[in-house]
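Asks: Quick one: sequence and predicted model below, then my questions.
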Amino acid sequence: MTEQGLRRRTAIYDILFRDADGRHFELESFQDLETARRRLPSIAAQYPGTRITLWRRDTRAILAETDGY
């Protein structure tokens, strides 16, 4: 298994966006909340006007969200 694949399986937090149908698309995954929080603004800058969400994978609790549609 690749390092990225292993990191994905052990990740707790995901940064994603949801489409108009409610499907979610993962952009990046993290094991550490602080790293995910620091990364959120730079990921959001790549998708202007889109709501980007940081959530905890197991509970689906939204921890942070950018402005967007």
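Replies: Arrived safely, thanks for sending.

Asks: residues contacting Asp32?
Replies: Counting by Cβ atoms under 8 Å, 6 or more residues apart in numbering, Asp32 touches 12-13. In short, each C-beta sits where N, CA and C put it, glycine included.

Asks: Least confident secondary structure element in the protein?
Replies: helix 3-10 (a mean of 57; mean pLDDT, DSSP states H and E).

Asks: dump the residue contacts of Arg56.
Replies: 12-13, 63.

Asks: run the last query once more with 6 Å
Replies: Arg56 is in contact with Tyr13, counting by Cβ atoms under 6 Å, 6 or more residues apart in numbering.

Asks: Of all the residues in the helix or strand where Leu16 lies, which ones are buried?
Replies: Per DSSP states H and E, Leu16 falls inside strand 13-18. Using 16 or more other Cβ atoms under 10 Å as the burial criterion, the residues of strand 13-18 that qualify are 13-17.

Asks: what angle separates the longest helix seen in the chain from strand 13-18?
Replies: The residue-count maximum for a helix in the chain (DSSP state H) belongs to helix 33-45. In terms of direction (axes from the mean of the first three to the mean of the last three Cα atoms, to 10 degrees), helix 33-45 departs from strand 13-18 by 20 degrees.

Asks: Return the member of the buried residues of strand 13-18 nearest to Thr59.
Replies: Using Cβ to Cβ, Tyr13 is the member of those that sits closest to Thr59, with 10.7 Å.
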